[in-house]
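Visitor: I'd like to go over a predicted model; first the sequence, then the structure.
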Amino acid sequence: MLMQGLISIAHSGEVTEVLSSPRGVKYVINGLLGTPTGGSIKMRTIWITDKDQVRPRFVTAYPI
């Protein structure tokens, strides 16, 4: 459930920052993460597309 929720935020959340570096491009994306009890938590997720890669990978997430 957690993995699907984080992927959902990546697809439909609000991109608040895009930062380029020599390692790749970092995306900060905010969205709602569903809980097992039916509630939701506002989360900030960080994703990076490494240099020479097409698909971003998950870095971290924390509640905001």
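Guide: Right, received. Where do you want to start? Residues are numbered from 1 along each chain as shown.

Visitor: Tell me where the protein has strands.
Guide: Along the chain, the stretches classed as strands by DSSP state E are 14-21, 24-34, 40-50, 57-63.

Visitor: TSV for these, including distance to Ile7?
Guide: Backbone N, C-alpha and C define where each C-beta goes, glycine included. What follows is those, written out as TSV (distance: least, Cβ to Cβ, whole Å):
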stretch	distance to Ile7
strand 14-21	15
strand 24-34	10
strand 40-50	10
strand 57-63	8
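
Visitor: Nearest to Gln4 among those strands would be which one?
Guide: strand 24-34 (8.8 Å; Cβ to Cβ).

Visitor: gap between Asp52 and Gly24?
Guide: According to Cβ to Cβ, to the nearest Å, Asp52 and Gly24 sit 8 Å apart.

Visitor: more neighbours, these two?
Guide: Neighbour comparison, Asp52 and Gly24: the larger count goes to Gly24, with 16 against 6 (by other Cβ atoms under 10 Å).

Visitor: Identify the residue spatially nearest to that one, adjacent ones excluded.
Guide: Asp50 (4.3 Å; Cβ to Cβ, 6 or more residues apart in numbering).

Visitor: and the residue nearest to Thr35 when sequence neighbours are not counted, what pLDDT?
Guide: Counting by Cβ to Cβ, 6+ apart, Thr35 lies nearest to Ile41, which is 6.3 Å off, once chain neighbours are set aside. On pLDDT, Ile41 comes in at 96.
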